[in-house]
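Undergrad: Test case, fold it:
(one chain, ligands or ions: 1)
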Amino acid sequence: MGCCDVPKEKINNDKEEISLCPVCKTEGEKVNKTTVVSLVKDEIAESITESKYWLCKNSDCEVVYYNSDTNQTFTHDQIKVPVWFKTYATPIYACYCKEVTKDAIFEAVLEKGANTLEDIQQTTGANTGNDCLKKNPRGKCCSGTVKQMLEEAKRYQTEGKRNDE
Ligand SMILES: [Zn+2]
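TA: The predicted structure follows:
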């Protein structure tokens, strides 16, 4: 069973809860505490004492996770994996469960003729894992990100330019 076959979470009541990153003041995305515990480096996992954490979505901000009540932050050097949308990320992962990179998606499109999400799944294995909660920095399925990168690769194929160049 792939990660996207898991039934969609019911709309949660915290949807209205808005929290700003203590460093860059950008609105964050709420993440499951299990995700934070799984992705911070082992030696600091014990400092995760709050019940609620957010992901800073600003690509230029060094903060990955934070709790705005206590101003506790975890910066990218305290996280086990590079967060794909942050400017420092190397490599850029599309799918964390199967460790498939953006470059692998581009290669699948440009060299192996992949054209759809199914092609990408078959060629690279991306979006076929089921451990998103513990491996993906958002704690969610990577299908949206994989599709975005697929579209970007197809655009590159016709127009010859990448967003990250
Ligand atoms: Zn931030």
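Undergrad: residues from this protein in reach of the ion?
TA: Counting by C-beta under 5 Å from the ion, the residues of the chain lying close to the ion are 21, 23, 24, 56, 58, 61, 63. Bear in mind the C-beta positions are built from the backbone N, C-alpha and C, glycine included.
Undergrad: Looking at those, which is nearest residue 111?
TA: Ranked by distance to residue 111 (C-beta to C-beta), the residues of the chain next to the ion are led by residue 58 at 33.4 Å.
Undergrad: That closest one - nearest residue in space that isn't next to it in sequence?
TA: In space, not counting the residues next to it along the chain, residue 58 is nearest to residue 26; the distance is 4.1 Å by C-beta to C-beta, 6 or more residues apart in numbering.
Undergrad: Touching, the one you found and residue 56? I think so.
TA: Yes: counting by C-beta atoms under 8 Å, a contact exists between residue 26 and residue 56, whose distance comes to 6.3 Å.
Undergrad: So for the two, which sits in the more crowded spot?
TA: Taking residue 26 and residue 56 together and counting by other C-beta atoms under 10 Å, residue 56 has the greater number of neighbours (29 against 14).
Undergrad: tell me the contacts of the more buried one?
TA: For residue 56, the contacting residues are 21, 23, 24, 26, 28, 63, 64, 65, 66, taking C-beta atoms under 8 Å, 6 or more residues apart in numbering as the criterion.
Undergrad: on that earlier part again, sort out for me which of the residues of the chain next to the ion are in strands.
TA: Among these, the residues falling in strands (DSSP state E) are residue 63.
Undergrad: contacting residues for residue 145?
TA: Taking C-beta under 8 Å, 6+ apart as the test, what residue 145 contacts is 84, 94, 95.
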